[in-house]
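> Sequence first, predicted coordinates after that:
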Amino acid sequence: MVKVLVLLCGSGKDDGSEIHESVLTLLAVDQAGANYDICAPDAPQFSVVNHLTGEEMSETRNMRVEAGRIARGEVLALTDVDISNYDALLMPGGFGAAKNLCDFAVKSADCDVRQDVKELINAMHEAGKTIGAICIAPAVLAKVLGKGQLTIGTDTGVASALSQMGACHVDCAVGDIVVDDELNLVSTPAYMLGQSIKEVHEGINKLVVEVVRRS
């Protein structure tokens, strides 16, 4: 049976992993007949946001601890992951992907990616395993791999930054996916474009089905 590793980085669209995208990803993996483990960096978030007001809060939260809210308690520390146990990697979006996994939110194309995240992506890619990236998460892939056909939807500013990092951006509707057959990458815009959870679900489900099929 296919086993997928899902990389989270907190809980909440403004400072961690987007909850809808994360839960829809886990549901789609289960419905596709695959198994999954969840991992996250065991480190502080870049920031903590009050999701009612959008304002930053003066407190510190741990990415792995917060991801446990989505995972129902089972979250591996990223540094403890053995990629030989997995057939594919899935990366939901949320602003945390651009704040916590890297600093794309601050530096755009000049961003740096966390070393443990970089090592995970490179190891999965070098092993020929499929990587699926959702919403803004393709920006992390673009920075690490420096190549590949990827999508974040149709946002020209972010698309330009992906191109500057070496990727080839492909415009994509919210309910569709972009597949790089050569590099074994799959991406979908999700809430970069989506106006409803129904729209986001369509693209995420297609992505997961394709990732599991390739694995």
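Yep, that arrived. Numbers count the residues shown, from 1 in each chain.

> switch to C-alpha atoms for all contacts and neighbour counts from now on
OK.

> Run through the residues that contact Tyr86.
Contact analysis of Tyr86 by CA atoms under 8 Å, 6 or more residues apart in numbering lists Val2, Lys3, Val4, Leu5.

> residue at max distance from the center of this structure?
Distance from the C-alpha centroid of the chain, by CA atoms, centre = their mean, peaks at Ser58 (25.9 Å).

> which one is that one nearest to, not counting chain neighbours?
Leaving aside its sequence neighbours, Ser58 sits nearest to Val48 (CA to CA, 6 or more residues apart in numbering; 7.3 Å).

> per-residue confidence for the one you found?
Per-residue pLDDT puts Val48 at 84.

> do Ile136 as well
pLDDT recorded at Ile136 is 97.

> Nearest residue to it in space, please, no chain neighbours.
Gly93 (5.3 Å).

> what about that neighbour, how many neighbours?
For Gly93, the count of nearby residues is 32 (other CA atoms under 10 Å).

> Can you tell me how far it is from Val4?
Gly93 sits 16 Å away from Val4, going by CA to CA, to the nearest Å.

> give me phi/psi at the residue most central in space within the chain?
Nearest to the mean C-alpha position of the chain, by CA atoms, centre = their mean, lies Met91 at 2.4 Å. Note on Met91: its backbone torsions stand at phi -130, psi 100 [degrees, to the nearest 10].

> Could you check how far it is from Thr60?
Distance, Met91 to Thr60, by CA to CA: 23 Å.

> any idea where the strands of the protein begin and end?
Counting by DSSP state E, the chain has strands at residues 3-7, 35-40, 48-49, 56-57, 76-77, 88-91, 130-134, 149-150, 168-169, 178-180, 185-188.

> So which residues make contact with the third one?
Counting by CA under 8 Å, 6+ apart, the neighbours of strand 48-49 from elsewhere in the structure are Asp14, Asp15, Glu55, Glu56, Met57, Ser58, Glu59, Thr60, Arg61.

> of those residues, buried ones?
For those, a burial check counting by 16 or more other CA atoms under 10 Å picks out Asp14, Asp15, Arg61.

> Also compute the angle for the lengthiest helix in the chain relative to strand 3-7, please.
Longest helix in the chain by number of residues (criterion: DSSP state H): helix 197-214. If you take axes from the mean of the first three to the mean of the last three CA atoms, to 10 degrees, helix 197-214 sits at 130 degrees to strand 3-7.

> Contacts made by helix 197-214 with the rest, please.
Applying CA under 8 Å, 6+ apart, the set of residues contacting helix 197-214 is 2, 20-21, 24-25, 28-29, 32, 34, 88, 130-132, 134, 174-177, 186-191, 194.

> swap the cut-off to 7 Å and go again
2, 24-25, 28-29, 32, 130, 132, 174-177, 186-188, 190-191, 194 (CA atoms under 7 Å, 6 or more residues apart in numbering).

> follow-up on the earlier one: for the residue nearest to the centre of the chain, list each beta-bridge partner.
Ala133 (DSSP bridges).

> So for it, what's the pLDDT?
Met91 is given a pLDDT of 98.

> Pretty sure it sits against Leu5.
No. The criterion here is CA atoms under 7 Å, and Met91 misses it with Leu5 at 8.7 Å.

> can you give me the helices in the chain?
19-31, 63-71, 95-99, 104-107, 115-126, 138-145, 156-164, 197-214.

> Find out how far the shortest one is from the centre of the chain, if you would.
I take that to be helix 104-107. Helix 104-107 has its average C-alpha position 16 Å from the chain's average C-alpha position, going by CA atoms, centre = their mean, to the nearest Å.
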